[in-house]
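Q: next come a sequence and a model predicted from it.
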Amino acid sequence: MADNNNKLVIGLLAVVIIIAVGVFAYYEWPASEGEEAILTVSYNGQRWNYTLDDLEDMDAHTGQGSMKTKSGVRDPVTCTGVRFTTLFQEVGVEEGSVSANITAADGYYQIFNQSLLNGELEVYDPSGNVTNASATPVLIIAYRQNGGYIDEEDGPLRVVFVGEENIITNSKYWLKQVVSIDVVSP
């Protein structure tokens, strides 16, 4: 009888461990990690495909930012990702005037001119008023937000402006579900 109880306890323990590992994997690791490209960058007729592992292997940048929407300023988030300047160096973008056509999974795209790529845009105070803040926002392609990977609704990648302290920028520049960046020289 004791032998049967030991088997039952061991069986239940095994089930609990399997469930715990599954839950941990679901919340901690993105499904596509190391498997498929999540970002395509093109420049001068060439294309580079990046997995999440590839992006995480580049120099990471972490900062705080929030967006000003029509309904007000959202709470700040801490984002980690790759600076656009780092990504551009990776693919050999030459210094000078370029723009980037950034496209989301649903086909929505926005063109970031050189000024935006350099972080030259209006910055707001917590009340939503334009401020003369001296900090320059840093543009990153983020894969983490508030410590975890970005969820499917906004990610796995999103474009954000961040700073060492909270930088508030217009929500129209916070693109979600980014899948490609086409760098264009004039």
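A: Looks like it arrived, so ask away.

Q: and residue 80, that one's in a helix?
A: No. Judged by DSSP: H, G, I helix; E, B strand; the rest coil, residue 80 forms no part of a helix; its state is strand.

Q: for residue 148, see how far away it is.
A: For residue 80, the distance to residue 148 equals 10 Å [CB to CB, to the nearest Å]. Using the backbone N, CA and C atoms, a C-beta is placed for each residue, glycine as well.

Q: who's residue 43 bridged to?
A: residue 46, residue 183 (DSSP bridges).

Q: let's see the pLDDT reported for the residue nearest to the spatial centre of the chain.
A: Against the mean C-alpha coordinate of the chain, by CA atoms, centre = their mean, the closest residue is residue 142 at 1.8 Å. pLDDT, residue 142: 98.

Q: same check, this time on residue 166
A: 94.

Q: quick check: it touching residue 76?
A: Yes. If you go by CB atoms under 8 Å, residue 166 and residue 76 touch, sitting 4.2 Å apart.

Q: overlap of the contact sets of these two?
A: Listed contacts common to residue 166 and residue 76 are 64-66; contacts here mean CB atoms under 8 Å, 6 or more residues apart in numbering.

Q: name the nearest of the residues you listed relative to residue 99.
A: residue 65 (21.6 Å; CB to CB).

Q: which residues touch the closest one?
A: By CB under 8 Å, 6+ apart, the neighbours of residue 65 are 76-77, 79, 137, 160-163, 166-169.

Q: kindly report the same for residue 58.
A: 82, 86-87, 90.

Q: how close does it sit to residue 41?
A: 12 Å.
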